[in-house]
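**Student:** A predicted structure for the sequence below; I have some questions about it.
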Amino acid sequence: MIIDTLANADVYAGLGDRFRTAFQWLRNTDLTILEKGKHTIEGDRIFAIVNEYDTIPAEGEQMESHRKHIDVQYIVAGEELVGHDMLREQTVSRPYDDADDFMLYADRPSFYTKLSKGDFAIFYPTDLHMPNLISGRSLKVRKIVIKIATDKK
């Protein structure tokens, strides 16, 4: 996993063309006016999902992971906590769903990070994450999740 600000995104150019495309799209798009929902960037290989929500308590939430996509989660407005862990031998609470590309884990995160406006996190398939959590008090968040295909079927 990688956590940084969009201002430093050029540091990650070595991750490949798809990441360069994703960060260029984030920089060149007016993210404040995009409609909620899915937006195609580069076919099925790179797309964005615009979300707006109020942050929620961690109790009752579970970590998730993906196999077919890498998440680039970018905070447009607000702030949230994200719980994290590395995939080891956690207890699977919901088996992998191929259609939705995710699975859930019953274990609690090992650590948390606060993401604020302008911050992003990259979650690879081995990075468990629990987003959308309250940081102090519940806040409205606008977040863009860019899905980058891993080319795994």
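**Tutor:** That came in fine, so what should we check first? Residues are numbered from 1 along each chain as shown.

**Student:** the strands in this structure, which residues?
**Tutor:** Along the chain, the segments classed as strands by DSSP state E run 2-5, 37-42, 46-54, 63-65, 69-77, 79-86, 92-97, 102-105, 111-116, 119-123, 127-133, 140-149.

**Student:** center of the protein - which residue?
**Tutor:** The centroid of the chain falls nearest to Gln73 when counting by C-alpha atoms, centre = their mean (3.3 Å).

**Student:** isn't that one up against Asp127?
**Tutor:** No - using C-beta atoms under 8 Å, Gln73 is not in contact with Asp127, being 10.9 Å away. Quick note: C-beta positions are derived from backbone N, CA and C, even for glycine.

**Student:** can you list residues touching both of those two?
**Tutor:** Counting by C-beta atoms under 8 Å, 6 or more residues apart in numbering, Gln73 and Asp127 have no shared contacts at all.

**Student:** now the residue nearest to the centre of the chain: how far from Thr21?
**Tutor:** Distance, Gln73 to Thr21, by C-beta to C-beta, to the nearest Å: 16 Å.

**Student:** what's the distance between Asp71 and Ile33?
**Tutor:** Remark: distance between Asp71 and Ile33 (C-beta to C-beta) = 23 Å.

**Student:** of these two, who's got more company?
**Tutor:** When neighbours are counted by other C-beta atoms under 10 Å, Asp71 comes out ahead of the other of Asp71 and Ile33, with 23 against 7.

**Student:** any weak-confidence spans in this structure?
**Tutor:** Scanning the chain with the threshold set as pLDDT under 70 gives 152-153.
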